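> Need a 3D model of the sequence below.
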Amino acid sequence: MKYFGTDGFRGRANEKLTAIHAFRVGRFLGRYFAREGRARIAVGKDTRRSSYAFEYALAAGAAASGADVCLLHVTTTPSVSYVVRTEGMDCGVMISASHNVFSDNGIKLFGSDGEKMPECVLMLVEDYLDGGTLPLATGADIGRTVDYVSGRNRYLAYLLSLPRTSFRGLRVGLDCANGSAWAIAKTVFDALGAQVWCIGTTPDGTNINDGCGSTHPERLCELVRSNALDVGFAFDGDADRCILVDERGKVVDGDGILYLCARDMAERGELGSGGIVTTLVSNGGLARALERMGIVCTRTQVGDKYVAEEMARRASLLGGEPSGHIVFRKYATTGDGILTAIKVAELLTERKCPLSFLTRGLVLIPQETRNVPVSSAADAPLCPQVREAVAAAERAGVRMVVRPSGTEPVVRILAEGEREAARAAADGVERALLAGKEAL
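Numbers count the residues shown, from 1 in each chain. Below you'll find the predicted structure:
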């Protein structure tokens, strides 16, 4: 697709993605979902400075097409999904570039079921962005914008209803990435009885994900160690990801979370017959560990929307990615970082043992990763130099995944195997990519 990747329409604010794009997306949604009456659209945003311009531009476009726009203001991506799904909205929009730097932004679209918008609709959005025309609403058919912070509050109440037990006595560190979680996560854990230490809770429009959050957990590791905390939770800019830090200050990624939760759910008889769904970049050690317990792991494409789709096909109740997108199908239709933190805290409270003890059965295979900027990320993995480098690595027993990023203009390389062989394989593919740049 031209504009929409694996996680929405994303790019540098007012360069690749502009307020005019946001206005036109709103125009399309307002008209498309008004086919059977006045559309209702939920809109949330993260804390980056450009989110305000995009929010109001999109709302203006939707209202001009005849939709009523419910503004959730600064909130999390999963809260938008929840509100749309539970309150009969026609669709939802989240203004966020997730884990990207503040100068980027994005537009994520959700259908009435709270799932990521189907590609067939996204293609129609793209056609309109490329020069389509639509009539404007007139008279009483013109839409309006309304404050809908009450929807966000109902999402908070839903989160608070989920745990089976109080978190009293649990010492928790939170890194809210100066993003969407800053005003929500602490409120939730305070209300559930935990003792809470926070960082990343002073957003200024330019510091989202800046040296903090799920992509930079170093400060959280130090917070956990220096305050003898039981666990740390790091969210990304829109709080649909969560990464853990154990009591020793060691990072536990999404594969570790899947291991913990799959084992716990299986022992409770709550996992079902569908096993779990992971992605091509999930560590092979996770599949080995779970298969020893009789839990099936199914791999799919990278992207939480692909995880959710495969989970629905297999009736799986748990799935996710190493990045920390974890989907608990019983409770949500998309990745939810705060929900993930609640489920892990619940597990720790009930098991009454350290997080490091609970992850001991997971032995990860060494992985090497590279992110290589290229001018044409979609075509780069297809060039002959890259294909030959990948084939050579696989002949040496290294599992390779080379793919264009769905969120940034880079090619991502993953090599999994014996440490030195994996490092050499990743280096070889990176060299091939760089050598082939001029040919693209």
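
> pLDDT weak spots in the protein?
Counting by pLDDT under 70, the ranges of the chain that qualify are 36, 375-382, 436-440.

> which residues in it form helices?
For the chain, the helices defined by DSSP state H occupy 19-32, 50-64, 77-86, 119-129, 149-161, 185-191, 218-226, 254-267, 284-291, 304-314, 337-351, 355-358, 384-395, 419-435.

> Now render those as CSV, adding mean neighbour count.
(C-beta placed from N, C-alpha, C; glycine too.) Shown next, in CSV, are the helices of the chain (neighbours: other C-beta atoms under 10 Å):
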stretch, mean neighbour count
helix 19-32, 23
helix 50-64, 23
helix 77-86, 26
helix 119-129, 15
helix 149-161, 16
helix 185-191, 19
helix 218-226, 19
helix 254-267, 22
helix 284-291, 18
helix 304-314, 21
helix 337-351, 23
helix 355-358, 16
helix 384-395, 17
helix 419-435, 19
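
> how much space between the residue sitting furthest away from the middle of the chain and residue 131?
Centroid-distance maximum for the chain: residue 139 at 39.9 Å, with C-alpha atoms, centre = their mean. Separation of residue 139 from residue 131 (C-beta to C-beta, to the nearest Å): 27 Å.

> mind checking how far the one residue sitting closest to the centre of the chain is from residue 429?
Nearest to the mean C-alpha position of the chain, by C-alpha atoms, centre = their mean, lies residue 240 at 4.2 Å. Counting by C-beta to C-beta, the gap from residue 240 to residue 429 is 29 Å.

> same thing with residue 237?
Here the criterion is C-beta to C-beta. By it, residue 237 lies 29 Å from residue 429.

> Just give the closest residue to residue 330, not the sequence neighbours.
Nearest non-adjacent residue to residue 330, counting by C-beta to C-beta, 6 or more residues apart in numbering: residue 317, 5.5 Å away.

> give me the number of residues near the one you found?
The number of residues packed around residue 317, counting by other C-beta atoms under 10 Å, is 22.

> which ones are touching it?
By C-beta atoms under 8 Å, 6 or more residues apart in numbering, residue 317 lies in contact with 265, 270, 271, 272, 274, 311, 328, 329, 330.

> closest to residue 101 among those residues?
Nearest to residue 101 among the contacts of residue 317 is residue 328, at 28.9 Å by C-beta to C-beta.

> So what sits opposite the closest one in the bridge?
Applying DSSP bridges to residue 328 gives these bridge partners: residue 318.

> Does it touch residue 337 like I think?
No. Shown here, residue 328 and residue 337 do not form a contact pair, counting by C-beta atoms under 8 Å, at 11.5 Å.

> that older thread, so which of the helices of the chain is nearest residue 203?
Across the helices of the chain, closest to residue 203 is helix 50-64 (C-beta to C-beta), at 10.4 Å.

> The closest one: how far from the chain's middle?
In terms of C-alpha atoms, centre = their mean, to the nearest Å, the centre of helix 50-64 is set 23 Å apart from its chain centre.

> what does stretch 298-314 give?
Chain-centre distance of stretch 298-314: 13 Å, with C-alpha atoms, centre = their mean.

> Not counting its own residues, what contacts it?
With C-beta under 8 Å, 6+ apart, stretch 298-314 has contacts from 6-7, 115-116, 240, 274-282, 287, 316-321, 325, 327, 329, 333-335, 401, 403, 406.

> From these, list just the buried residues.
The neighbour count (16 or more other C-beta atoms under 10 Å) marks 6-7, 115-116, 240, 274-279, 281-282, 287, 316-321, 325, 327, 329, 333-335, 401, 403, 406 as buried among the contacts of stretch 298-314.

> Roughly how far does the residue nearest to the centre of the chain sit from residue 78?
6 Å.

> With distance to residue 302 added, can I get the contacts of residue 317 in CSV?
As requested, those are exported to CSV (distance: C-beta to C-beta, whole Å):
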residue, distance to residue 302
265, 23
270, 26
271, 23
272, 24
274, 20
311, 15
328, 19
329, 19
330, 24
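
> tell me which of those residues is nearest to residue 184?
residue 328 (17.4 Å).

> Residue 212 reaches residue 181, doesn't it?
No. When contacts are counted by C-beta under 8 Å, residue 212 is not listed as touching residue 181 (11.1 Å).

> which neighbours do those two share?
Counting by C-beta under 8 Å, 6+ apart, nothing touches both residue 212 and residue 181.

> so how far is residue 230 from the residue farthest from the centre of the chain?
Distance, residue 139 to residue 230, using C-beta to C-beta: 59 Å.

> try residue 161
23 Å.

> likewise residue 17?
Taking C-beta to C-beta, one finds residue 17 at 40 Å from residue 230.

> dump the residue contacts of residue 421.
Residue 421 touches 393, 396, 397, 398, 415, counting by C-beta under 8 Å, 6+ apart.

> cool, and residue 328?
Counting by C-beta under 8 Å, 6+ apart, residue 328 makes contact with 261, 317, 318, 336, 339, 340, 343.

> next one: residue 422
Residues near residue 422 by C-beta under 8 Å, 6+ apart: 366, 367, 368, 398, 415, 416.

> let's see it at 6 Å
Residue 422 makes contact with 366, 368, 398, 415, according to C-beta atoms under 6 Å, 6 or more residues apart in numbering.

> from those, which single one is nearest residue 111?
Checking those one by one against residue 111 (C-beta to C-beta), the nearest turns out to be residue 415, at 36.5 Å.

> For that closest one, the count of nearby residues, please.
Neighbourhood size, residue 415 [other C-beta under 10 Å]: 29.

> I'd say it and residue 424 touch.
No. Contact criterion C-beta atoms under 6 Å: residue 415 and residue 424 do not qualify, at 8.3 Å.

> Could you list the domains of the chain?
The chain breaks down by automatic domain parsing into domains covering 4-154, 162-358, 367-435.
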